[in-house]
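*Asks:* A structural model of the following input is requested.
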Amino acid sequence: MILKNDIQRFMIDCYLLSAEQLKGKEKWPGGQEEIQAYVSLAAENKISAYLYLQLEKLKADENLLEPLRKTYEGIKERNTRRLEKGLPVLSEMQRKGIEVIILKGNAIAEEMYGDIGYKPMNDIDILIKKNDLDRTLEVFHQFALLSAAPLDDDVKKQSKMSHHAPPFFDKKMDVFFGTHWDIAAPTRGLKIPVADFWKGKEAFTLNGQNFYRLCPLHFVFHLCVHLNAAKTGLREVADIVKVIQHRGDEISSEKLIQLARKAGAVEEVFEAFSLVQGLIRFKLVEDVLAELKQDLSRSVLNRIERRSANPLKILHLRTNYISKIEKTFAFFMMSEDPVEKTFLLGKMWKYYLFVPVETALKLNYEFQEATLLTKVKSVLIAPAKISRVFIKDLGPFIFIFVTLRHQWVLARSYVEFFKKKWQGKKVKRLKDFAADLGLTIDEIKDLQALD
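*Replies:* Got it, this is the predicted structure:
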């Protein structure tokens, strides 16, 4: 069942406006079928927890609140447990003189949303200085944290081509750390002024402890650059909205425009602000869009306009489908078994080339009833849409290199397989990799930090 447009619009407003601003404008789902559709749409967008907090203030019907409450309580419990286990690690880093900036949701949850359980957060994202990576790894080992890369050498090897380390997590998978020394991969070609981020950092409190986060200007810029074309929905855009609502008067449009141009991130900022503009009006956003528009080509402007023109699209285009490809690639690289690698490579190409119709429509910015022609077109161009996401993240040359390298890695695994068999050594499969971490194969496959 598709919810009425006014109910969907009110769902969006519930996430962006205060309860006081919403009073008298309520548009509730009526009847069990409509309530179920509402709850399902909220779950699909992963916005159930904060919706519950807002709707409770508005005294919504208990039949609507009850399923949202269950989701909120589960998220609040997991997020609280993550902080209880994660904050001592960060405190130890501070004690050892390692400077840390907390990024994204954990840095604004209490102040701007009023609750650490406002949304599910896979990990605690932090920014460190790259020359502190070795000492950071020592602290992670001190707390017996595990890594998706089995050796420190693998972590350091990744640091040469990436802006972050592999995820580190505890054995019970209660806490995950996303450790960054930049906010974008060097292969993207962006010139991020990370040194300025450190100079502009500001103090804040999280769970009663003192930490640092980015200043409002850099915080908004980071959120814009971090938005993923396929994974962006209401909850991602709402974080930008909240920072502007609470601290927008401290953000200079001129400085943000200058930063976007200097970093080569004009398209990223323009697209993120266009999505914001489609939902709620801010003078800051209008000024930035008016100036940056002249820097972009007509084709880019048309694509962004098609995505942002209808505000209801924000509830229907978010998909984690590309994460399935990324996770399968991670498993392909982990396994040493050539037969398992062959299966995983085939699975990855299946995901890449044969995209389900529903996902293809989302990638093509279609969310209402589509004609057969539109469906066929969306499926045919879906691989190109996926390629665009990867090229944006990796850069064109690295994307081509990684794509071609798959075949070499697979061929080499067969050679290594027979070599190890001859030497009497064990060839590790995914289940063996999981066992080394003290996990089951199902737990490895469920690792959200690999998404």
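*Asks:* how near is Ser378 to Gln142?
*Replies:* As defined by CB to CB, to the nearest Å, Ser378 lies at a distance of 50 Å from Gln142. Glycine gets a C-beta too; all of them are placed from N, C-alpha and C.
*Asks:* again with Thr342
*Replies:* Plainly put, Thr342 is 39 Å away from Gln142 if you go by CB to CB.
*Asks:* same drill for those two, tell me which one is more crowded.
*Replies:* Counted by other CB atoms under 10 Å, Thr342 and Gln142 do not tie: Thr342 has more neighbours, with 15 against 12.
*Asks:* the more buried one touches Gln407, doesn't it?
*Replies:* No: contact criterion CB atoms under 8 Å: Thr342 and Gln407 do not qualify, at 11.0 Å.
*Asks:* where does the protein dip in pLDDT?
*Replies:* For the chain, applying pLDDT under 70 flags the ranges 1, 148-161, 447-451.
*Asks:* quick one, strands of it?
*Replies:* For the chain, the strands defined by DSSP state E cover 101-102, 124-127, 146-147, 168-169, 176-180, 202-206, 209-213.
*Asks:* now those in TSV, with distance to Lys242 and mean neighbour count?
*Replies:* As requested, the strands of the chain are exported to TSV (distance: least, CB to CB, whole Å; neighbours: other CB atoms under 10 Å):
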stretch	distance to Lys242	mean neighbour count
strand 101-102	16	22
strand 124-127	17	25
strand 146-147	32	18
strand 168-169	27	25
strand 176-180	20	22
strand 202-206	14	14
strand 209-213	13	17
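*Asks:* need these in a markdown table (columns: distance to Met334).
*Replies:* Output for those, formatted as a markdown table (distance: least, CB to CB, whole Å):
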| stretch | distance to Met334 |
| --- | --- |
| strand 101-102 | 29 |
| strand 124-127 | 23 |
| strand 146-147 | 12 |
| strand 168-169 | 15 |
| strand 176-180 | 17 |
| strand 202-206 | 33 |
| strand 209-213 | 33 |
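*Asks:* please list all residues in contact with the closest residue to Gly395 other than its chain neighbours.
*Replies:* Nearest residue to Gly395, sequence neighbours excluded (CB to CB, 6 or more residues apart in numbering): Thr187, at 3.8 Å. Thr187 is in contact with 161, 394-395, 397-398, counting by CB atoms under 8 Å, 6 or more residues apart in numbering.
*Asks:* over to Val220?
*Replies:* Counting by CB under 8 Å, 6+ apart, Val220 has contacts 240, 243-244, 251, 256.
*Asks:* before we move on, what about Glu236?
*Replies:* Applying CB under 8 Å, 6+ apart, we find Glu236 in contact with 223, 227, 318.
*Asks:* what is the nearest of those residues to Leu296?
*Replies:* Within the contacts of Glu236, proximity to Leu296 (CB to CB) peaks at Leu227, which comes in at 16.0 Å.
*Asks:* okay, now the closest one: neighbour count?
*Replies:* Around Leu227 there are 17 residues (other CB under 10 Å).
*Asks:* list the residues that contact the closest residue to it other than its chain neighbours.
*Replies:* Ranked by CB to CB, 6+ apart and with sequence neighbours excluded, the top spatial neighbour of Leu227 is Ala272, at 5.2 Å. Counting by CB under 8 Å, 6+ apart, Ala272 touches 223-224, 227, 237, 240.
*Asks:* which one of those residues is nearest to Ala382?
*Replies:* For those, the nearest to Ala382 is Leu227 (19.8 Å; CB to CB).
*Asks:* now do that closest one against Ser252, distance only.
*Replies:* For Leu227, the distance to Ser252 - CB to CB - is 21 Å.
*Asks:* kindly report the same for Leu68.
*Replies:* 38 Å.
*Asks:* picking that back up, quick check: ChimeraX command selecting the buried ones in the contacts of Ala272.
*Replies:* The buried residues among the contacts of Ala272 can be selected in ChimeraX (16 or more other CB atoms under 10 Å) with this line:
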select :223,224,227,237,240
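*Asks:* of all the strands of the chain, which one is nearest Glu267?
*Replies:* That would be, of the strands of the chain and by CB to CB, strand 176-180, which comes in at 21.4 Å.
*Asks:* what lies in contact with that closest one?
*Replies:* Residues outside strand 176-180 that contact it (CB under 8 Å, 6+ apart): 82, 86, 89, 103, 122-128, 133, 136, 140, 145, 163-165, 167-169, 448-449.
*Asks:* could you redo the last one with a cut-off of 6 Å?
*Replies:* Outside strand 176-180, the residues that touch it by CB atoms under 6 Å, 6 or more residues apart in numbering are 123-127, 163-165, 167-169, 449.
*Asks:* where is the longest helix in the protein?
*Replies:* If you go by DSSP state H, the chain has its longest helix at helix 62-95.
*Asks:* what packs against it?
*Replies:* Applying 3 or more CB pairs under 6 Å, 6 or more residues apart in numbering; DSSP states H and E, one finds that helix 62-95 contacts helix 32-45, helix 48-57.
*Asks:* re the thing from before, in helices only, show me the contacts of Thr187.
*Replies:* Under the assignment DSSP H, the contacts of Thr187 contribute 394, 397-398 to helices.
*Asks:* quick revisit: now for the contacts of Thr187: which two are most distant?
*Replies:* Maximum pairwise distance among the contacts of Thr187 (CB to CB): 11.9 Å, between Met161 and Phe397.
*Asks:* mind jotting down where the helices sit in the stretch 351-451 of the chain?
*Replies:* With helices called from DSSP state H, counting those that start in this stretch, the stretch 351-451 of the chain shows them at 357-363, 372-394, 396-423, 430-436, 441-445.
*Asks:* closest one to Ala309 among those helices?
*Replies:* Ala309 lies closest to helix 357-363 among the helices of the stretch 351-451 of the chain, at 15.9 Å (CB to CB).
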